[in-house]
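**Student:** this one's structure only:
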Ligand SMILES: O=P(O)(O)OC[C@H]1O[C@](O)(COP(=O)(O)O)[C@@H](O)[C@@H]1O
Ligand SMILES: [Mg+2]
Ligand SMILES: [Mg+2]
């Protein structure tokens, strides 16, 4: 299809505005501010090797991880973009210990949204030129507009999300998002800096042949996960499945959503809640997965039904093709019932 015929992200946002139950244009403005920020981050990621943004800044975030320079730069870029349109009253980020209140001027009553963000996902891949991403999750505040934003505005169940999405900064740059009416993907044409609708109404294949898990942690995995990995590797029927693990959640998820597959980051004997963060990694990916016909749980319970208690809490994560996640859950349940 010629580029002229392709819809731009800007046009799509406007066109779909009325599909959104609270549609007053504010969410459209919010998503537009994310669109702009992703282009700036994309520019930085593309020249990471030659610009002084490789390596860590020498301090740790609240999760005890070395902050990479690009983590901090991306965080600053998103916070600046989200704070300028008087629709966001608060931001929570992987790279900020506490939530940030966005001071609005005369239109404070308008600022109805909070945004939770993983500004740079796949940080361990930044300085080796492997695809990385950004993940975002958007809620309407529960506290009164015009009053200071509160922690409870962020600690909402995933089912309350009004929008979620991610960006892959890979061989091409794509933004993929949902506002609860299906999942659509847009590819950036870097020559003119415009996103075009390239993947309309994406659907997760119900079944796939790819499993994504860091098998280096095998010894520390729960028995159910060990049994499922063995099942994936058996020579039987359409198995063995193919093992693929990029080490950037967005990229592993994106591939599995397009081709069919499952991504698992389970609890381990060392980290009883796994590694991924509920509010700005698991919930947004779960919303997208379910909107695309996939499934997402902690091995037992639907991720989006989990009641959050802390900004940076972690959760075991089983996500992908619905039939594969159900199968993995059966292995988890069987292993637990044997104990
Ligand atoms: O190196 P590990 O333990 O397999 O973890 C890789 C996972 O951790 C993450 O890098 C965590 O995200 P951040 O890079 O945003 O901290 C995921 O993107 C990825 O899937
Ligand atoms: Mg991440
Ligand atoms: Mg990150």
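**Tutor:** Sure, I can see it. What you see is a predicted model, and the numbers here were worked out from it, not measured in a lab. Ligands and ions are numbered 1, 2, ... in the order given.

**Student:** Count the neighbours of the closest residue to ligand 2 within the stretch 51-200 of the chain for me.
**Tutor:** Nearest to ligand 2 in the stretch 51-200 of the chain, going by C-beta to the ion, is residue 121, at a distance of 3.5 Å. In short, each C-beta sits where N, CA and C put it, glycine included. For residue 121, the neighbour count with other C-beta atoms under 10 Å is 28.

**Student:** Backbone dihedrals for it, please?
**Tutor:** phi -100, psi 140 (degrees, to the nearest 10).

**Student:** For it, list the residues it contacts.
**Tutor:** Counting by C-beta atoms under 8 Å, 6 or more residues apart in numbering, residue 121 makes contact with 132, 133, 134, 135, 166, 248, 249, 250, 281.

**Student:** Kindly provide the distance from the residue lying closest to it once chain neighbours are set aside to residue 176.
**Tutor:** Nearest residue to residue 121, sequence neighbours excluded (C-beta to C-beta, 6 or more residues apart in numbering): residue 133, at 4.4 Å. Distance, residue 133 to residue 176, using C-beta to C-beta, to the nearest Å: 10 Å.

**Student:** ditto for residue 36
**Tutor:** Distance from residue 36 to residue 176, by C-beta to C-beta: 17 Å.

**Student:** more crowded one of these two?
**Tutor:** Neighbours per residue (other C-beta under 10 Å) separate residue 36 from residue 176, with residue 176 holding more: 25 against 16.

**Student:** what's the burial count for residue 282?
**Tutor:** Counted with other C-beta under 10 Å, residue 282 comes out at 29.

**Student:** just checking, it touches residue 301?
**Tutor:** No: using C-beta atoms under 8 Å, residue 282 makes no contact with residue 301, being 11.6 Å away.

**Student:** which helices and strands sit right next to the helix or strand where residue 43 lies?
**Tutor:** Assigned by DSSP states H and E, residue 43 belongs to helix 26-46. Helix 26-46 sits against helix 9-15, helix 69-82, strand 113-121, strand 132-140, strand 163-169, strand 173-178, strand 184-189, with contacts defined as 3 or more C-beta pairs under 8 Å, 6 or more residues apart in numbering; DSSP states H and E.
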